[in-house]
Structures are given as structure tokens and as C-alpha cells.
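Undergrad: Here is my input, please return the structure:
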Amino acid sequence: MNSLIHYILLMRFELIALAVIVFLLLAKIFSEKLNPSLLLGFVNLALVGMLGVYCFGAEGSLFGGMFVMDKMIALEKAIIVFATLLIMLQANSWLKTQENYMEFCLLLFSVLMGMFFLVSSGNFLMFFLGLEMATIPLAALAAFDFGRKRSAEGAAKMILSSAFSSAILLFGFSILYGTTGSLDFSEIRDSFIGSPLQLFALAFIFAGFAFKISLVPFHLWTADVYEGSPVAVTTFLSVVSKAASVFIFITVLAKVFPIAHEAWVPALVVLSAATMTIGNLFAMRQSNIKRFLAFSSITQAGYILIAVASSSAQSTASVLYFILIYIFSNIGAFTVVSLISQRTGKEEVADYKGLYKTNPLLSIGLLLAVFSLAGIPPTAGFFGKLFLLTSGASAGLTALIIIASLNMVASLYYYLKIVKAMFVDKNESPIEKFSSDNSSRIVLIICVAGILITGFINCIFEYIYSLSIGL
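TA: Numbering: from 1, shown residues only. A predicted model of the protein is given here:
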């Protein structure tokens, strides 16, 4: 009995997600009419329950080490759930207008299930199963506005790029299996000698991860998918999907390829510099707010790689801390974009001219989110980027830090362009004044509070750092 309880605690996130999926399927089959508010309330309550079970810690492994659970992985899953909860609250009013809102929730929890297995994987077979379990429903979510041509186009590009990146990853895994005789993380680490063939496999695995995280030059699908998807799905892609990919990327580098440290650090430095610079250059040219935030997220991924390349307990803590701050900043920005898109259908930066005069609170919320993304003090984004740069400095990545600093200065141009449009530019027909729904207000309040407070609460970073020391 004690063993059963231990197993349940190890898979507590996955079991709750599975229970929700089964409930939604049964509700869809046996109930002709359901109150959307009640069902969405149940879904949000389930996500709150997932956050609650984070406190019931259990560590260990299952299925011969294929599934691993420890305190850091539990925190990573809790961060994913927290971001998903904010996105569901953000999309609450939009989902109530959708006929297929239940299918949206089913697909979303299927993606969550895949991400949970992905970040808990201790074997490349479990890694791939979790990856595909998350990717395929996510592509369906990207095509949720199936009446729009851009939505179908974006989903098609996502499916093709995901299939291509999965094939690249599988090719790398097959070479590793051929040279080490195992797919288990620990066994590969013990058998890895850094031969040319194994380094060749590592290069393919790097390329596969680069697709998933939208690193340059594997980023070309990102903007089209973000623009074509519903705002809620775009938010999920930019925050939750990126976070899960970064979490498992750090795990693979630390637990499978530590001996190849001298090989993958230069690769990360080059990818980081290219991603920051090219992401910035493309962001400057965007007129669509969703495409703009897409290239902004690409640039943020470049900053994250600075700490990943540092490869230390401090760098791991810095990445998780930055992602938590990024969740507040990006979801805050997308909440305003979502509200304006739902009420007016406008998604161009030029449409935001004069927004402060008609909707001052939304303008201030977007202002703080943009300032945090830009890393302007005293917002939390400043502290997040400061810790990333500190991690790079401790590893001696001076040139990369200089490039990152220059890119941060350059990014002020396009971030402040939105601020200028809202607060300075005049518009003869600005977006009309409207009131937002309660759930969106809650999300915006949480995000603004996170942006203003997180950077000043030392215990958050200290707690994350205490967990990363044991890795």
C-alpha cells in the first residue's frame, strides 16, 4: 500500500491530467449540453489542484528509470501548470464563445500530459514519447481557428517543422544508441567518450532542440504560427512550450553530455549570439503585434542560452527564475493583446496609437509588461536578465555578455515603439473604451504584481537555487 501511494505521488501531476482528460471525454460523450462556465471552472480548479499537489513531495523513478521525479522537476511542472492556469483564465471569455471549447481543453491537457512526461524523462524513449504527445495536440490547437486561412497555414508549418525536427532528433538518438547500446540517460553518460560519431549525434540533437526552442536559424516557423494561432495558443506557445523545452534541454546537457562540455558550450555561445541579434533585427521590422511578440520570444531564448552555456547550479537557478519572470511579462502583454483582439479584431501596432486616452489601465499593464521584457529597472525582467548575465560572467563568457548587452540596448527601440504608440502618438479613431472581463483582470493583476514584486523577493531565487545545488 505504501508503494502504491509512493507511485501515485511520483506521478501526481500526470494522474490529475489524465483524470481531467477522461472526465472531459465522458462529458463530451454523455452530455449533450453543458454549461461552459461550469466546465471551464472545473478545468481551472483542476489546474489549481495540480499546483496544490506540488507540496506533496516524492522523489524516485519508475519504469526502470525512464520516468524520474525530484524536487526540481516538480518545480518545473508547477511552473508549467501556473502558466497554463493564467492562460486559461486569460482565454476564459473567448472560450465561452467557442462551440468547440471542450475540445480545446482536451487538447490542452493532452499537451500538458506530454510535457510532464517530457520533463520527467530519464530515457530518450520516454523523451520522444512525451515530445510527440505534446507536439501533435499543440499543432491542432494552433489550427483551432479553422475558419481562418492563416490559422491553417500556421498549423501546417508547425506540423512540418515539428516532424522535421523530430526526425533530426531521432537520427541523433539512433546514432547514440548505436555507439553506446542504450537510450538511458545515465548509461549514455557513462558510455559517452566524445568520439566523432557521438559528437555528430550531439549536433543532430542540438538541431532538434533548436527547432523546439525557436533558436536561429531554426526559427522561421515561429512568427507565422504565432500570427495564425488564437491569442491563447500563441501565449501558450511562447511561454509554456518554450519553458518545457528549455527545462529538458538543461537536463539532457547536464545528465547526458557533461563530458562533451567543451564541445557544446561554443555551440551554445554561437546560437545565443545569433538568436539575440537576428531576433532583434526581425522584431524591429514587425507591424503585427503577435509577430512582434514572436520575435521578442526568440530574442529572449537567446538570453536564456547565456545561462545554459554557463552550466552550473547558479545558471540553472537563473534560467528557472528568468522563465518565471518571463511568464508574468509575456502573459501580461498577451492578455492586453487578447482583450483588444477579441473586442476589436485589431492586431497591428499602429492600432494601439492613442490607447492610453481610451483604456489607460490596459496601457499601463502593457507598458509594465514591455518594460519587463526589455529588462528596464525596477521591473522583474531587469533582475532576471541580470542573473542570466551574472551566470555568463561567472563562466567567463565575456564576449557573449557584451553582445547581449548591446542587443538589450537595441531592443529598446522596438519595445519603446509600442509605448510611444500608446502614450504619445495621436490617432483620430483610437480603440474605443471597453471593460475587460473579470478573469482577464485577475490575470493582469497577477502579472503586474509579479512584474513589480518578484525581482525584490530574494527568497524566490534562493529557493530555486537551493534545489539546483542538488542536481
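
Undergrad: switch to C-alpha atoms for all contacts and neighbour counts from now on
TA: Fine.

Undergrad: centre of the chain versus the host helix or strand of Leu51, how much separation?
TA: Assigned by DSSP states H and E, Leu51 belongs to helix 36-53. Counting by Cα atoms, centre = their mean, to the nearest Å, helix 36-53 is centred 20 Å from the centre of its parent chain.

Undergrad: what number of residues lie near the closest residue to Ala254 other than its chain neighbours?
TA: Nearest residue to Ala254 in three dimensions, chain neighbours excluded: Ser311, at 7.4 Å (Cα to Cα, 6 or more residues apart in numbering). Neighbours of Ser311 under the rule other Cα atoms under 10 Å: 19.

Undergrad: Could you do Ala223 as well?
TA: 24.

Undergrad: what's the answer for Asn123, then?
TA: There are 24 residues near Asn123, going by other Cα under 10 Å.

Undergrad: what stretches of the chain score poorly on pLDDT?
TA: 1-2, 32, 146-148, 470-471 (pLDDT under 70).

Undergrad: sorry, back to before: mind listing what's buried in the helix or strand following the helix holding Leu51?
TA: Remark: after helix 36-53, the chain's next helix or strand is strand 60-62, criterion DSSP H and E. Applying a neighbour-count criterion of 16 or more other Cα atoms under 10 Å, one finds Ser61 buried in strand 60-62.

Undergrad: Please apply the same query to stretch 193-209.
TA: Those would be 198-199, 201-209, for stretch 193-209 by 16+ other Cα under 10 Å.

Undergrad: Same question for stretch 236-251.
TA: So stretch 236-251, judged by 16+ other Cα under 10 Å, has buried residues 236-251.

Undergrad: Same check on stretch 153-171?
TA: 153-159, 161-162, 165-166, 168-171.

Undergrad: out of the residues you listed, which are inside strands?
TA: Of the buried residues of stretch 153-171, none are assigned to strands by DSSP state E.

Undergrad: Can you show me the strands along this structure?
TA: With DSSP E, the ranges of strands along the chain come out as 60-62, 67-69.

Undergrad: Just send the ones you listed back as JSON lines, with distance to Ser182 too.
TA: Below are these laid out as JSON lines (distance: least, Cα to Cα, whole Å):
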{"stretch": "strand 60-62", "distance to Ser182": "17"}
{"stretch": "strand 67-69", "distance to Ser182": "15"}
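
Undergrad: Identify the residues contacting stretch 346-359?
TA: 287-290, 337, 340-341, 362-364, 418, 420-427, 430-434 (Cα atoms under 8 Å, 6 or more residues apart in numbering).

Undergrad: Among those, which lie within helices?
TA: Those of the contacts of stretch 346-359 mapping onto helices are 289-290, 337, 340-341, 362-364, 418, 420-423, per DSSP state H.

Undergrad: Any chance of a markdown table for those residues, columns neighbour count and distance to Ala142?
TA: Formatted as a markdown table, the ones in helices among the contacts of stretch 346-359 follow (neighbours: other Cα atoms under 10 Å; distance: Cα to Cα, whole Å):
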| residue | neighbour count | distance to Ala142 |
| --- | --- | --- |
| Ile289 | 21 | 17 |
| Lys290 | 27 | 13 |
| Val337 | 22 | 17 |
| Ile340 | 20 | 20 |
| Ser341 | 16 | 16 |
| Leu362 | 23 | 26 |
| Ser363 | 22 | 27 |
| Ile364 | 17 | 29 |
| Ile418 | 21 | 26 |
| Lys420 | 16 | 31 |
| Ala421 | 19 | 29 |
| Met422 | 29 | 29 |
| Phe423 | 18 | 32 |
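
Undergrad: if we can go back for a sec, in helices, which of the buried residues of stretch 153-171 appear?
TA: 153-159, 161-162, 165-166, 168-171.

Undergrad: quick one, helices of the stretch 1-150 of the chain?
TA: 2-10, 12-30, 36-53, 71-90, 92-96, 101-119, 124-142, 149-180 (DSSP state H, counting those that start in this stretch).

Undergrad: Tell me which of those sits nearest to Ser394.
TA: helix 71-90 (22.3 Å; Cα to Cα).

Undergrad: elements contacting that closest one?
TA: For helix 71-90, the contact count by 3 or more Cα pairs under 8 Å, 6 or more residues apart in numbering; DSSP states H and E identifies helix 36-53, helix 101-119, helix 231-236, helix 242-255, helix 313-344, helix 438-453, helix 458-469 as packing neighbours.

Undergrad: Which of these has the highest mean neighbour count?
TA: Among the helices and strands packed on helix 71-90, helix 231-236 has the highest mean neighbour count (mean count of other Cα atoms under 10 Å), at a mean of 26.

Undergrad: neighbouring contacts of it?
TA: With Cα under 8 Å, 6+ apart, helix 231-236 has contacts from 84, 87-88, 90-91, 141-142, 225-227, 290, 330-331, 334, 337-338.
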